[in-house]
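Novice: sequence first, predicted model second:
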Amino acid sequence: MRRRAVVAGFGAMACSPLAFAQRRRVYRLGLLGASQAPTSDHPLWAAFKRGLDELGYVEGANLILEPRFAADDIDRLPSLAGELAAVNVDAIVVFGPTPMQAAQRATRHIPIIMAAGSSDPVAEGYIASFAPAGR
């Protein structure tokens, strides 16, 4: 009888909300830029992080940021984009058209999010249309 109680106790623990919380998915978000990495006090960076927080993505809880910035050496962008593809991030956020090109060459499977750069990404050939993916 005691063995059944122990087994039932482990079963209850495995189904507890705490156990489910521990199995929550952690997302890896790649960041790719041609310039210096933004500082934490930069207004656009603060807004970006605040937006992630508002959507429920909290760094250290369910989000890992993988920043790759070329420090104004654009020749490094292809290798940095390749690094992000190699660590298999869930998406890559690009800051500008040159990082967009590098990310597009590095992967065909990882979604790329253009945070800044092109005024007309369709005309410039970065995307086929503004329709949601798959439509």
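Specialist: Thanks, I have it. Numbers count the residues shown, from 1 in each chain.
Novice: mind telling me what element the residue nearest the centre of the chain is part of?
Specialist: With distances taken as C-alpha atoms, centre = their mean, Leu29 lies nearest the centre of the chain, 1.5 Å away. Element membership for Leu29, per DSSP states H and E: strand 27-33.
Novice: now the element after that strand, going C-ward?
Specialist: helix 43-54.
Novice: what's the next secondary structure element after that following helix?
Specialist: Taking DSSP H and E, what comes next after helix 43-54 is strand 63-69.
Novice: who does that next one touch, helix- and strand-wise?
Specialist: Helices and strands touching strand 63-69, by 3 or more C-beta pairs under 8 Å, 6 or more residues apart in numbering; DSSP states H and E, are strand 27-33, helix 77-86. Heads up, the C-betas are built off the backbone N, CA and C, glycines and all.
Novice: what residues sit buried inside it?
Specialist: 63, 65-66, 68-69 (16 or more other C-beta atoms under 10 Å).
Novice: what angle sits between it and helix 43-54?
Specialist: 160 degrees (axes from the mean of the first three to the mean of the last three C-alpha atoms, to 10 degrees).
Novice: what is the rounded mean pLDDT of strand 63-69?
Specialist: Mean pLDDT, strand 63-69: 96.
Novice: can I get that strand in PDB, CA atoms only?
Specialist: C-alpha atoms of strand 63-69 as PDB (Å, rounded to 0.1, in the frame of the first residue of the first chain):
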ATOM      1  CA  LEU A  63      12.900  34.200 -23.700                       C
ATOM      2  CA  ILE A  64      16.600  34.000 -24.500                       C
ATOM      3  CA  LEU A  65      18.000  36.700 -26.700                       C
ATOM      4  CA  GLU A  66      20.900  35.800 -29.000                       C
ATOM      5  CA  PRO A  67      22.300  39.200 -30.100                       C
ATOM      6  CA  ARG A  68      24.700  39.400 -33.000                       C
ATOM      7  CA  PHE A  69      25.900  42.900 -34.000                       C
END
